[in-house]
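Q: Turn this into a structure:
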Amino acid sequence: MSSTAAVAAHGAHAEHHALGFWRTYIFSQDHKMIGKQFLFMALFMMAIGGLMAMLMRWELAFPETQVPGFQWVPEPFMYEGAIPPNTYNAMFTMHATIMIFFVVIPILVGCFGNFLIPLMIGAREMAFPKLNMLSFWVGAVAGVIMLSSFFVPGGSAASGWTSYAPLSALAIYTGVDWGQNLWCISIIVLGASSLMGSINYITTIVNMRTQGLYFFRLPLVIWSLFITAILMLLALPMLTTALALLLFDRIGGTHFFLPSGGGEPLLWQHLFWFFGQPEIYVMILPAMGIVSDIIATFSRKPIFGYRTMAYAMVAIAVLAWTEWGQHMLQSGMDPALGAGFMFATMIVAVPAALVTFNWLGTLYKGNIRYTAAMMNALAFVAMFVIGGMSGIWMASAPVNMYLHSTYFVVAHIHYVLFGGSLFGIFAGITYWYPKMFGRMMNETLGKIHFWITFVTFNCTFFPMYILGMAGHMRRIYNPQQYDFLKPIIPINEFISISSFVLGAAQFLFLANIVWSCFKGAKAAENPWRANTLEWTTPSPPPHGNWPGTAPIVYRGPYEFSSPEVAEDYLPQSLLLKRSKAAAD
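A: The predicted structure follows:
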């Protein structure tokens, strides 16, 4: 179907028709409402995952004291510290699982993908609205299953978010150890939700672009979501297969990963990381696209090297399939094979550097406006560079032998996924909030949230690089049990105090979202004077997105739409020169 025919076929959706409460807000088929549903579900899960992080940091800083307000049931050996060891293991497992699978991906892919794709390509709706609705509710069921694992006999999963075999394959308490089983089932169900979304995104972008919107006229955020959908479509079946085999081992008596029956534990690592390495880019590529659009808007310049940016993101996605072995350099693989994975991991720095330099080129001599959205976008760039550079360190096999499973790895992944993905999320929510809710977020509160988050984030995670270099192992619940770690206990205390402030700061962001939804200033159609199609609709967009006919595109998203907009995009220094010349 041509894009023109697709628009015509969906023209019937242009006129709003009254729907009841349940079909408008609960079982909605409107892509905009579904995007908001993903957003609020993820924010709820973020609060739960963040609370777990705070409890873990209390244990690491003050291991001999009870957390105020929390009284844990003593374990068989009558542990009297803050958090029992098994509970701590469950917390770091569930913290990482929730933040990755139920916060970062649902917001970047579920929320922004659903809300933005039809609006930015000139479509009135997703290709498969019912499948779109189902994708959210299947994802919500997966979240309920994951949270229910806290309340089953044996407790929730406690083998890490990677669930390495054979630990994860052993049913510790025969017949009652259902926490790990529910973990597997939840991720399988969530994978089905993500596959529905991926099919919808790819079909919509390929078939439903408005007239004149060729691929190289697409905004970079749509490029990033399109590439991400392809990655998920190809990677998720591998994880689903691995989880099914793990469940067979746990409850079916098979031995795919159990050495006692001739199984191979390393098979799990191969299957998991063949999915996991592309998944890392699933969590960063949409943020790259979001930040690209925001930097272009608030630099008042077209994006520098648009085609290079698109090709670079494609190259990152392709190289993602060649790197999975970098996580297994300690597994005893042949050094020649390890060298191949090391080279493949390092070479991805080339397209990542191209993207970064293009952002800097866009900023160069731009008429930069430091809004809260822009500040979060710039923080994303800085933190992504730090996280990426530390990733190159760990890609080196000799260095990896020392840093593997230390706090250096914890610092690296948080610089990529918090300093990267979450700063991108903060930027995207602030930027598109007027279009989502028809009101402006409080700019002052947004900047206060940014500065507290930026400072305390670096105070929390940068010292972890130092801990890792000192040999501090990850996933230990009481560092005071190790003599060589006792001298660096004060660093752990500093990190924990910083993390408490960091966690508290996020309530400012949540308060800003809720307060602005009711009391924020009414948003204009295009408050940022941006050039992409979503800003040609009312705020918030009506049913069918455009009240009249769908737009026709004659230019790219980073070209000037009019002389007035071109003047607005010119650098301040050039405007001053022009005004001076006119006065003379």
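
Q: rest of the way, CA atoms for contacts and neighbours
A: OK.

Q: I'd guessed residue 502 sits against residue 456; true?
A: Yes - counting by C-alpha atoms under 8 Å, residue 456 is a contact partner of residue 502 at 5.4 Å.

Q: And the nearest residue to residue 436 once chain neighbours are set aside, how close does it get to residue 414?
A: Once flanking residues are discounted, residue 436 sits nearest to residue 540: 5.6 Å by C-alpha to C-alpha, 6 or more residues apart in numbering. Taking C-alpha to C-alpha, to the nearest Å as the measure, residue 540 falls 34 Å from residue 414.

Q: what residues are up against residue 399?
A: Contacts for residue 399 (C-alpha atoms under 8 Å, 6 or more residues apart in numbering) come out as residue 393.

Q: just checking, next helix/strand downstream of the helix or strand where it lies?
A: Applying DSSP states H and E as the criterion places residue 399 in helix 397-403. On the C-terminal side of helix 397-403, the nearest following helix or strand under DSSP H and E is helix 407-416.

Q: for residue 64, phi and psi?
A: phi -100, psi 10 (degrees, to the nearest 10).

Q: change the start of the numbering to 93 and stick with it
A: Sure thing, new numbering starts at 93, so read that last one as residue 156.

Q: how about the helices in the stretch 443-592 of the chain?
A: 464-487, 489-495, 499-508, 515-529, 535-561, 581-611 (DSSP state H, counting those that start in this stretch).

Q: One more: the stretch 93-242 of the chain?
A: Using DSSP H, counting those that start in this stretch, helices in the stretch 93-242 of the chain cover 95-101, 113, 123-153, 177-191, 197, 204-213, 221-240.

Q: between those helices, which gets nearest to residue 454?
A: Nearest to residue 454, of all the helices of the stretch 93-242 of the chain, is helix 204-213, at 21.2 Å by C-alpha to C-alpha.

Q: just checking, what packs against that closest one?
A: Applying 3 or more C-alpha pairs under 8 Å, 6 or more residues apart in numbering; DSSP states H and E, we find helix 204-213 packed against helix 123-153, helix 271-299, helix 312-343.

Q: What are the buried residues along it?
A: The neighbour-count check on helix 204-213 (16 or more other C-alpha atoms under 10 Å) flags 204-213 as buried.

Q: Throw the helices of the stretch 443-592 of the chain into a markdown table and include mean pLDDT, thanks.
A: Converted to a markdown table, these look like this (pLDDT from 0 to 100):
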| stretch | mean pLDDT |
| --- | --- |
| helix 464-487 | 93 |
| helix 489-495 | 89 |
| helix 499-508 | 94 |
| helix 515-529 | 96 |
| helix 535-561 | 96 |
| helix 581-611 | 95 |
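
Q: Could you save those as JSON lines and add columns showing distance to residue 243?
A: Shown next, in JSON lines, are the helices of the stretch 443-592 of the chain (distance: least, C-alpha to C-alpha, whole Å):
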{"stretch": "helix 464-487", "distance to residue 243": "36"}
{"stretch": "helix 489-495", "distance to residue 243": "36"}
{"stretch": "helix 499-508", "distance to residue 243": "28"}
{"stretch": "helix 515-529", "distance to residue 243": "31"}
{"stretch": "helix 535-561", "distance to residue 243": "31"}
{"stretch": "helix 581-611", "distance to residue 243": "25"}
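
Q: between those helices, which one is nearest to residue 368?
A: helix 499-508 (12.8 Å).

Q: who's in contact with that closest one?
A: With C-alpha under 8 Å, 6+ apart, helix 499-508 has contacts from 376, 475-476, 478-480, 482-483, 495, 553-554, 556-561, 563-566.

Q: Repeat that for stretch 140-149.
A: Contacts for stretch 140-149 (C-alpha under 8 Å, 6+ apart): 159, 175, 180, 183-184, 186-188, 190-191, 569, 587-588, 591-592, 595.

Q: Can you say which of these are buried?
A: Counted by 16+ other C-alpha under 10 Å, the contacts of stretch 140-149 give 159, 175, 180, 183-184, 186-188, 190-191, 569, 587-588, 591-592, 595 as buried.

Q: Nearest to residue 403 among these?
A: residue 191 (29.1 Å).

Q: ok, now how distant is the nearest residue to residue 322 once chain neighbours are set aside from residue 323?
A: Among residues not flanking residue 322 along the chain, residue 290 sits closest, at 6.9 Å (C-alpha to C-alpha, 6+ apart). Applying C-alpha to C-alpha, the value for residue 290 to residue 323 is 9 Å.

Q: got the contact list for stretch 288-296?
A: Here stretch 288-296 has contacts from 202, 205-206, 209-210, 218-220, 223-224, 226-227, 317-318, 321-322, 324-325, using C-alpha under 8 Å, 6+ apart.

Q: could you redo the last one with a cut-off of 6 Å?
A: Residues outside stretch 288-296 that contact it (C-alpha atoms under 6 Å, 6 or more residues apart in numbering) are 218-219, 227, 321.

Q: Take the residues you listed and write them to TSV, including distance to residue 260 and pLDDT.
A: Converted to TSV, those look like this (distance: C-alpha to C-alpha, whole Å; pLDDT from 0 to 100):
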residue	distance to residue 260	pLDDT
218	39	95
219	39	94
227	28	96
321	29	97
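
Q: Please pick the buried ones from the residues you listed.
A: Buried by 16+ other C-alpha under 10 Å: 218-219, 227, 321, out of these.

Q: Mean pLDDT per element in the protein, and the minimum belongs to which helix or strand?
A: Lowest on mean pLDDT, DSSP states H and E among the helices and strands of the chain sits helix 95-101, with a mean of 41.

Q: after that one, next one along is what?
A: Note on helix 95-101: by DSSP H and E, the next helix or strand toward the C-terminus is helix 113.

Q: nearest spatial neighbour of the residue sitting nearest the centre point of the chain, skipping sequence neighbours?
A: The structure's the chain has its C-alpha centroid closest to residue 196; by C-alpha atoms, centre = their mean the separation is 3.1 Å. Nearest non-adjacent residue to residue 196, counting by C-alpha to C-alpha, 6+ apart: residue 375, 6.5 Å away.

Q: Residue 462: how many residues sit nearby?
A: Neighbours of residue 462 under the rule other C-alpha atoms under 10 Å: 13.

Q: same thing with residue 534?
A: Count around residue 534 with other C-alpha under 10 Å applied: 18.

Q: do you know how far it is from residue 631?
A: From residue 534 to residue 631 the distance is 17 Å (C-alpha to C-alpha).

Q: Same check on residue 253?
A: 40 Å.
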